[in-house]
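Student: what would the 3D arrangement of this be:
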Amino acid sequence: MAISWWRIRCLLCVTVSKSLLKFQKWCLLIGLLCINAALIYVSFTYHVAHYFFMVLLSSNTVLQFIMIIFILGHFLFKIIFFCFRRKEKVPETPEKMVMLLPCYNETFEELTRSLDSLVAQKNIDEHPRMIFIVVDGNVKGAGMEKTTQEYLLQDILEPGPTRFFENGYRARDGLFMPTKIQTGYYKGIPYLFVGKRYNQGKRDSLCFARSFLYHFQKRSANVMTMFSNELFEHLGNAFVSQGLENVEYLVGMDADTVFDEYCIWEMLKEIRKNPKLVGVCGHVCVDYDGKNWGLWSLYQSVEYSQTQGLRRMFQSRITGKVNCLPGCCQLIKIDEATFGDEVLRNRFGYCPKPNDLMTQHIMGNYSEDSIHASIIFSLFPKRQTAQALRAKAFTIVPQDWKVFLSQRKRWALGSISNEFVMIFRPGIIPIERLQSIVAVMTWFITPFIMAAVIALIIILARRGDELVKDPVFMSLFALLLFRYIYTFCIGIWLPRNTLERMQYFVGYFFHLITSPFLNMIILGYSLVYSDDFKWGKTREVIKGGDDEKMDAEGGRGTL
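Tutor: Reported below is the predicted structural model:
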């Protein structure tokens, strides 16, 4: 009877939560449509308002121009005053590190490619290290004969001691998580396998690994943690037995990502240069997977390169506040500022309640990498993060509309919600706060911007000779052109070889033509499905049999 009442209460909570989210979604949609419609009407009706709209439309362009000027100035300064370059401070003893591989429903091929790339890393042979594998649930993806846990334990990893903990640790939903632990070696590198019975999301896996490493480093014997005493002691003994009594760095990657052989080494060199750094990300590249001229890959490769070659480079070189350390390629210092309880358990690991606002639900489910960085900057303003462009990682990107839109919906809603919250977070430096304001404003008036672009094209066709004599118009056009010239030049210095440069330039023009339309499609799709927090087609799983009972999508399958 008690169980039935508990199930009824859970169902009521889910129903109320969905209703609240749907109501907030329609309020957001209607508000966005009304504001953009009003802006379009006023701009076409009252010409005296043109200067106000010029500020709205040009704010992002001007901000990007300023970032480019600072990047170029920094580059010239380092060439002229080369003696001021930060030098790498090599410690007396090699740093100890853990290489984290969070998994969900990856295939045999994806898992082996990622693991092999970790084993093949160069220049870190003297560094004591361990592969930390955390599998979120026990499910199959499309076309898989076995679950990811079965692939790892039966076909990939060398056998080793195994132990099961029924009440292993307290997951994000507040309930205990049954956990299987196995230790052993993979091609000479020690590994620690953690298999979770239920799916609780990647963020739960990150909290598990990061929180353990922090408390293990602090030797938190009398401190309440998320782990049972038996599990914590067992994991600690596994680390000590491999000479990892004090781990300094956590290397993060995804199970569908492949590291370049010098990736970890390049990130390690970067973090040694500045004692304020608590995190470094690499350069995330598209894995073409043998299809060198596929349009999906070309488009997304240009997006990746422009983001990392402009705003992220500005943050790394100028402000020291890279606001997203991609989980597929990162090196993070184990510190209170990164993995402490205030950061992980109270903020990063917060599990949204049914009556929370949509923003809280979005930030609790999406964009964990940028949200983690923004929490660090807010609570510890003196800490910094950086980018190591020579640390290359190759990731597989969506190749069809369903997966692409599902992924971009999560990225769009997650990043813009984080930018919105960063406007009001304490401790954020002014330039980053300004960037967040401009990003949120630009995203919200995207339909108005598209209407303005169409109107500009019509005016150019009718009265182009008059506009070229307008100093204000020509000044803004010059700023915009400068931005496009810079992003074009990214294809000269960022790619490694001729093939990658040709791929960038072909993708550049394809992206230039199609991105305005795709951005509108992504915006519309994201808003319409903003109350749906399933992963959609991004990581599709096969249900049936025990899987449906033991590991239903998005939870424990208890209802």
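Student: please enumerate the helices of the stretch 301-450 of the chain.
Tutor: Secondary structure of the stretch 301-450 of the chain by DSSP state H, counting those that start in this stretch: the helices cover 311-314, 336-339, 341-343, 358-365, 368-379, 401-424, 430-444, 446-467.
Student: which of the ones you listed sits closest to Leu494?
Tutor: Ranking the helices of the stretch 301-450 of the chain by proximity to Leu494 (CB to CB) places helix 311-314 first, at 9.5 Å. For every residue, glycine as well, the C-beta is placed using N, CA and C.
Student: tell me what that closest one is packed against?
Tutor: Helix 311-314 sits against helix 50-80, strand 384-395, with contacts defined as 3 or more CB pairs under 8 Å, 6 or more residues apart in numbering; DSSP states H and E.
Student: and these, which one averages the lowest pLDDT?
Tutor: Note on those: lowest mean pLDDT is at helix 50-80, with a mean of 86.
Student: after it comes which helix or strand?
Tutor: strand 97-103 (DSSP states H and E).
Student: buried sites along that following strand?
Tutor: 97-103 (16 or more other CB atoms under 10 Å).
Student: dump these to TSV, plus distance to Leu39 and pLDDT.
Tutor: Formatted as TSV, these follow (distance: CB to CB, whole Å; pLDDT from 0 to 100):
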residue	distance to Leu39	pLDDT
Met97	51	96
Val98	50	97
Met99	49	97
Leu100	45	97
Leu101	47	96
Pro102	42	95
Cys103	46	94
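Student: just the closest of those to Phe23, please.
Tutor: Closest approach between these and Phe23, by CB to CB: Pro102, at 33.7 Å.
Student: quick revisit: which one of the buried residues of strand 97-103 is nearest to Thr147?
Tutor: Among the buried residues of strand 97-103, and counting by CB to CB, the member closest to Thr147 is Cys103, at 10.1 Å.
Student: test my guess that Cys328 contacts Thr257.
Tutor: Yes: judged on CB atoms under 8 Å, Cys328 makes contact with Thr257 at a distance of 4.3 Å.
Student: give me the more crowded residue out of the two.
Tutor: Neighbours were tallied for Cys328 and for Thr257 using other CB atoms under 10 Å; the higher tally belongs to Thr257 (25 against 21).
Student: so the more buried one touches Val397, yeah?
Tutor: No: using CB under 8 Å, Thr257 makes no contact with Val397, being 11.0 Å away.
Student: got any residues that touch both of those two?
Tutor: Here Thr257 and Val397 share the contacting residues Asp287, scored by CB atoms under 8 Å, 6 or more residues apart in numbering.
Student: return the most buried member of the helices and strands packed on helix 311-314.
Tutor: strand 384-395 (a mean of 22; mean count of other CB atoms under 10 Å).
Student: how many neighbours does Val284 have?
Tutor: Val284 has 25 neighbours, counted by other CB under 10 Å.
Student: the helix or strand that contains it to strand 384-395, inter-axis angle?
Tutor: Using DSSP H and E, Val284 sits within strand 277-286. Angle, strand 277-286 to strand 384-395, by axes from the mean of the first three to the mean of the last three CA atoms, to 10 degrees: 30 degrees.
Student: and for the nearest residue to Phe380 once chain neighbours are set aside, the neighbour number?
Tutor: Of all residues not flanking Phe380 in the chain, Ala337 sits nearest, at 4.1 Å (CB to CB, 6 or more residues apart in numbering). Using other CB under 10 Å, Ala337 is surrounded by 18 other residues.
Student: same question for Leu344.
Tutor: Using other CB under 10 Å, Leu344 has 22 neighbouring residues.
Student: helix, strand or coil for Asn246?
Tutor: Here Asn246 is coil, with the state taken from DSSP: H, G, I helix; E, B strand; the rest coil.
Student: flag the shaky bits of this structure, pLDDT-wise.
Tutor: Along the chain, the parts satisfying pLDDT under 70 run over 1-14, 16, 48-49, 51, 220-221, 535-559.
Student: could you rerun that using 50?
Tutor: Applying pLDDT under 50 to the chain flags residues 1-2, 537, 544-554, 557-559.
Student: before we move on, back to that, closest to Gly143 out of the helices and strands packed on helix 311-314?
Tutor: strand 384-395 (19.6 Å).
Student: between whichever strand or helix holds Ile133 and strand 97-103, how big is the angle?
Tutor: In the assignment (DSSP H and E), Ile133 maps to strand 129-135. Calculated by the same axes, to 10 degrees, strand 129-135 forms an angle of 20 degrees with strand 97-103.
Student: tell me what strand 129-135 is packed against?
Tutor: So strand 129-135, by 3+ CB pairs under 8 Å, 6+ apart, packs with strand 97-103, strand 189-196, helix 202-218.
Student: mind listing residues that contact that strand?
Tutor: 96-104, 115, 118, 148-149, 152, 157, 186, 189-196, 205, 208-209, 239, 242, 244.
Student: I would like a PyMOL command selecting only the buried ones among the residues you listed, please.
Tutor: This is how PyMOL selects the buried members of the contacts of strand 129-135, with burial counted by 16+ other CB under 10 Å:
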select buried, resi 96+97+98+99+100+101+102+103+104+115+118+148+149+152+157+186+190+191+192+193+194+195+196+205+208+209+239+242+244
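Student: thinking again about what came up before, mind checking how far the strand holding Ile133 is from the chain centre?
Tutor: Its chain's average C-alpha position is 20 Å from that of strand 129-135, according to CA atoms, centre = their mean, to the nearest Å.
Student: and the next element down the chain from that strand?
Tutor: That would be, after strand 129-135 and using DSSP H and E, strand 140-141.
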